[in-house]
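[1] sequence unavailable; structure follows:
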């Protein structure tokens, strides 16, 4: 009995790409290193709550006419109207 062996194709040679070496690093003094930006989202530490309410467009336009901070102005007006 004769056993025949199958010829296998040779495996291709895979070359590994050389990774560029990092350039020289620069060490900066601590005061020159950028600090992360403060968080702008999340719970309000002031004890205020987030509320969604509907209002007339005219009321919104009047509150927004003075620019940013119109939510605080609306809060102030509501507090005065409620006698707080």
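    Right, received. Where do you want to start? All figures in this text were calculated on a predicted structure; none of them were measured in a lab.

[2] going forward, measure contacts and count neighbours with C-alpha atoms only.
    Fine.

[3] longest helix of the chain?
    The helix spanning the most residues in the chain, taking DSSP state H as the definition, is helix 70-82.

[4] and that one, what does it pack against?
    If you count contacts as 3 or more Cα pairs under 8 Å, 6 or more residues apart in numbering; DSSP states H and E, helix 70-82 packs onto helix 57-64.

[5] low-confidence regions, the protein specifically.
    The model of the chain has pLDDT under 70 over residues 1-6, 12-24, 39-45.

[6] if we go to 90?
    Applying pLDDT under 90 to the chain picks out residues 1-53, 55, 59-60, 63-64, 66-75, 77, 84.

[7] show me where it has its strands.
    Per DSSP state E, the chain carries no strands over any range.

[8] quick revisit: and the longest helix of the chain, what's buried?
    In terms of neighbour count (16 or more other Cα atoms under 10 Å), helix 70-82 has its buried residues at residue 70.

[9] tell me the angle that helix makes with helix 57-64.
    Relative orientation of helix 70-82 and helix 57-64, computed by axes from the mean of the first three to the mean of the last three Cα atoms, to 10 degrees: 110 degrees.

[10] ok, residues contacting helix 70-82?
    Residues from elsewhere that reach helix 70-82 (Cα atoms under 8 Å, 6 or more residues apart in numbering): 63-64.

[11] repeat that with 10 Å
    Applying Cα atoms under 10 Å, 6 or more residues apart in numbering, the contact partners of helix 70-82 are 59-64, 66, 83-84.

[12] top of these by neighbour count?
    Each of the contacts of helix 70-82 was scored for neighbours by other Cα atoms under 10 Å, and residue 63 scores highest at 18 neighbours.

[13] what's the spacing between it and residue 81?
    Distance of residue 63 to residue 81, given as Cα to Cα, to the nearest Å: 15 Å.

[14] and if you look at residue 25?
    62 Å.

[15] relative to residue 72, how far out is residue 79?
    Look at residue 79 and residue 72: by Cα to Cα, they are 11 Å apart.

[16] and for residue 34?
    Taking Cα to Cα, one finds residue 34 at 32 Å from residue 72.
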